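Participant: sequence and predicted structure, then a few things I'm wondering about:
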Amino acid sequence: MNTAVIAPGAATPRSRARSTVTARMLRRLGLAIVAWGRAAERRRAAPEPAELHELRREAERLREERFREVALTRML
């Protein structure tokens, strides 16, 4: 086996610089993806108050409707 290829200092300065640049680019890309994911999560996690109000009204209406159906069925 040729140990000169794997010995410390075998890499050229150009390849070291290239790997450093690549590592920095990958790190920045990773951080950008994490930031994008967090921003998307915040947008999804916070519905508008008006939307929440409408959803609650709809849920209450459906509960009342279902209660009437069950009550009428039991009466018959």
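Facilitator: All right, it came through fine.

Participant: where does the protein have low pLDDT?
Facilitator: Residue ranges of the chain with pLDDT under 70: 1-16.

Participant: and the helices in it?
Facilitator: Taking DSSP state H, the helices of the chain run over residues 13-45, 49-75.

Participant: got those helices as a markdown table, with mean neighbour count columns?
Facilitator: C-beta coordinates here come from the backbone N, C-alpha and C atoms, glycine included. Listed next are the helices of the chain as a markdown table, based on neighbours: other CB atoms under 10 Å:
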| stretch | mean neighbour count |
| --- | --- |
| helix 13-45 | 10 |
| helix 49-75 | 10 |
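
Participant: centre of the chain to stretch 19-36, how far?
Facilitator: Relative to its parent chain, stretch 19-36 has a centroid offset of 17 Å by CA atoms, centre = their mean, to the nearest Å.

Participant: what does stretch 42-54 give?
Facilitator: Using CA atoms, centre = their mean, the offset of stretch 42-54 from its chain centre is 18 Å.

Participant: name the residue closest to the centre of the chain, please.
Facilitator: Gly37 (4.2 Å; CA atoms, centre = their mean).

Participant: how close does that residue sit to Arg68?
Facilitator: 44 Å (CB to CB, to the nearest Å).

Participant: next: Ala17.
Facilitator: Per CB to CB, Ala17 is found 75 Å from Arg68.

Participant: domain ranges for this structure?
Facilitator: Annotated domains of the chain cover 12-45, 48-76 [automatic domain parsing].

Participant: pull the distance from the shortest one to the chain's centre.
Facilitator: Centroid separation for domain 48-76 versus its chain: 33 Å, with CA atoms, centre = their mean.

Participant: and what of the first one?
Facilitator: Mean-position distance between domain 12-45 and its chain equals 16 Å (CA atoms, centre = their mean).

Participant: noted, bye for now.
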